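> just the structure for this:
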Amino acid sequence: WIAPMAPDQIDLRARLAPPVWVQGGSTAHLLGTDSLGRDILARLIHGSRISLAVGGAAAILGAQIGATMGILGGYFGGRVDAVVAWCVDVQLSFPFTLLAIFLLGTIGGGFGAVVLVLALATWVNYARIVRSQVLTIRKQDYITAARAVGVSVPGILWRYVLPNVMASIIVVASFSTAQAILTQAALSFLGVGIDPTIPSWGVMLDDGREFLQSAWWIATFPGLAILLTVLAINLMGDGLRDALDPKMKRS
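Numbering: from 1, shown residues only. You can find the predicted model right below:
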């Protein structure tokens, strides 16, 4: 609906056309074209869907894994908590970029594979924060009262523990989305992320790498899109943290 043309429409006669405000530019391609004559604006708009979808899906999947691990470890303690802590330590000991390149090189790229790899990178953030909160929550009087009246463990976790850590999960999810978008762009730039035939901001950065001197717009505009998107999500995360933090409300 918004894009001026298809993102993969090739026009070799208009290849490397500059933006409209630069000498030689045309209103047919407001942000210029790449080496194959594909419209930068159209690819930028279509690429936003990939980047936001990957970031959101990875944050949701990472939240499900990390929050579950954190709740179980914090509530049960003992061996369960030790296993969760061990998994966290193992995850943090791996250089993630190298691990992601290895996994994607082994299982192949694609949307699902990238989301899974990014979720494995972000679940630790949820697990550590949720676990620390649950360690305090499980000692509260309402948890003791729920046990006394015979509420099952799954019922306690679902009705009393999860709602009290949901605010932290939402805040972490906002920052994890920004992290996932950056990482997805980096992986696509390295050629191990989303299928290069699908327009994404990381793929556009890779396309413009060879033309930084002669056609700066190919890499500049997707770079700005990543910058502004991540900045907006981080600012939203700050706002959510301030809005959901009871201490901030009292002050």
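> please enumerate the helices of the stretch 101-250 of the chain.
Assigned by DSSP state H, counting those that start in this stretch, the helices in the stretch 101-250 of the chain fall at 111-137, 141-148, 153-156, 162-190, 201-208, 217-244, 246-250.
> and those, which is most packed in?
Neighbour counts (mean count of other C-beta atoms under 10 Å) averaged over each of the helices of the stretch 101-250 of the chain peak at helix 201-208, with a mean of 24. Bear in mind the C-beta positions are built from the backbone N, C-alpha and C, glycine included.
> measure how that one sits relative to helix 162-190, angle-wise.
Taking axes from the mean of the first three to the mean of the last three C-alpha atoms, to 10 degrees, one finds helix 201-208 and helix 162-190 inclined to each other by 20 degrees.
> re earlier: want to throw the helices of the stretch 101-250 of the chain into CSV with mean pLDDT and distance to residue 87?
Below are the helices of the stretch 101-250 of the chain laid out as CSV (pLDDT from 0 to 100; distance: least, C-beta to C-beta, whole Å):
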stretch, mean pLDDT, distance to residue 87
helix 111-137, 88, 8
helix 141-148, 89, 25
helix 153-156, 89, 21
helix 162-190, 85, 17
helix 201-208, 85, 29
helix 217-244, 86, 25
helix 246-250, 54, 30
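> nearest to residue 17, of these?
Shortest distance between residue 17 and those, using C-beta to C-beta, is found for helix 217-244: 9.2 Å.
> show me what that closest one is packed up against.
For helix 217-244, the elements it packs on are helix 40-76, helix 162-190, helix 201-208, helix 246-250, judged by 3 or more C-beta pairs under 8 Å, 6 or more residues apart in numbering; DSSP states H and E.
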